[in-house]
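S.K.: Sequence first, then the predicted structure:
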Amino acid sequence: MRILFLGDIVGRAGRNAIAERLPGLRETWRTDFVVVNGENATNGAGLSADHAKGLLDAGVDCLTLGDHAFDQRDMMQFIDREPRIVRPINFAKSAPGRGAAILDAGRGRKILVAQVLGQVFMKRAFDDPFSAVDDILRKNPLGVTVQASLLDVHCEATSEKMAMGHFADGKASVVVGTHTHVATADAQILPAGTAFQTDAGMCGDYNSVIGMDKAEPLRRFVTGMGKTRFKPAEGEVTLSGVFVETDDRTGKAKSVKMVREGGCLEQSIPQ
């Protein structure tokens, strides 16, 4: 299975880049399944129902969220009606939506997509991410219930993301980090066959401060005082993420490559 994962979409520029460029990328790279983190797609904070519909119509097969999952209030209702949107699995049990989904990847194949929030340096404590991940992966073994599985690890600390990668090694096809909006240069296949990258980066304007227009973050860093709200940068977008090919029989990764498409960080993907 050929799986493309793209990191956090930031604002209108990120949404437009997905809508304009993803259909061509799907055809060129012959992707079977595309997962995109969309939790900053609406004004840099959360994902609205309308913007979710637009991204799914553009060719995204599954959207993951994060700690800003419900910043846009209409997502509270919409997520229960849309099985292709996944919020963190270790949210409170009363939270709407689902933390994992088994979806069709074509030719009779199934893929599990799950997301988990980390605990280190996050603004509030979430349920234990490791036990939540262990439970869902045990219930959906590779090569039995599903032909592939992808875990989006949404957290601040690189060490926690790396720990989750090793924890899930051999039990998930792909483990990839999100949340920091800065891509890491460590795409690799772990010893037991799981493709891993600490952070996928963002789908946004890199001439920014993690996707936000530079003026207000710089003002706050320099003066310690805020003047206006953060707003997403609107310049040329780089699509950032990871491209993985898996073995349909075992679910293990055969290859993994960083993705940098467009903007100032472009990097080609082998055919």
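M.R.: Nice, I can see it.

S.K.: Now for residue 262, how many residues are close by?
M.R.: Neighbour count for residue 262, taken as other CB atoms under 10 Å: 16. Just so you know, the C-beta spots here come from the backbone N, C-alpha and C atoms, and that holds for glycine as well.

S.K.: Tell me what the residue lying closest to it once chain neighbours are set aside is bridged to.
M.R.: Nearest in space to residue 262, with sequence neighbours left out and distances taken as CB to CB, 6 or more residues apart in numbering, is residue 238 at 5.5 Å. For residue 238, the residues forming beta bridges with it (DSSP bridges) are residue 204.

S.K.: So for residue 238, what's the pLDDT?
M.R.: Looking at residue 238, its pLDDT is 95.

S.K.: That one touches residue 211, doesn't it?
M.R.: No. Between residue 238 and residue 211 no contact is recorded; they are 10.5 Å apart, counting by CB atoms under 8 Å.

S.K.: so what's the nearest residue to residue 44 once chain neighbours are set aside up against?
M.R.: In space, and not counting its chain neighbours, residue 44 is closest to residue 232: 4.5 Å by CB to CB, 6+ apart. Residue 232 sits next to 10-14, 40, 43-44, 204-205, 208, 211-213 when contact means CB atoms under 8 Å, 6 or more residues apart in numbering.

S.K.: Where do the helices of the stretch 51-200 of the chain begin and end?
M.R.: Using DSSP state H, counting those that start in this stretch, the helices of the stretch 51-200 of the chain run over 75-81, 129-139, 158-167.

S.K.: and those helices, which is most packed in?
M.R.: helix 158-167 (a mean of 19; mean count of other CB atoms under 10 Å).

S.K.: ok and it relative to helix 129-139, angle-wise?
M.R.: 20 degrees (axes from the mean of the first three to the mean of the last three CA atoms, to 10 degrees).
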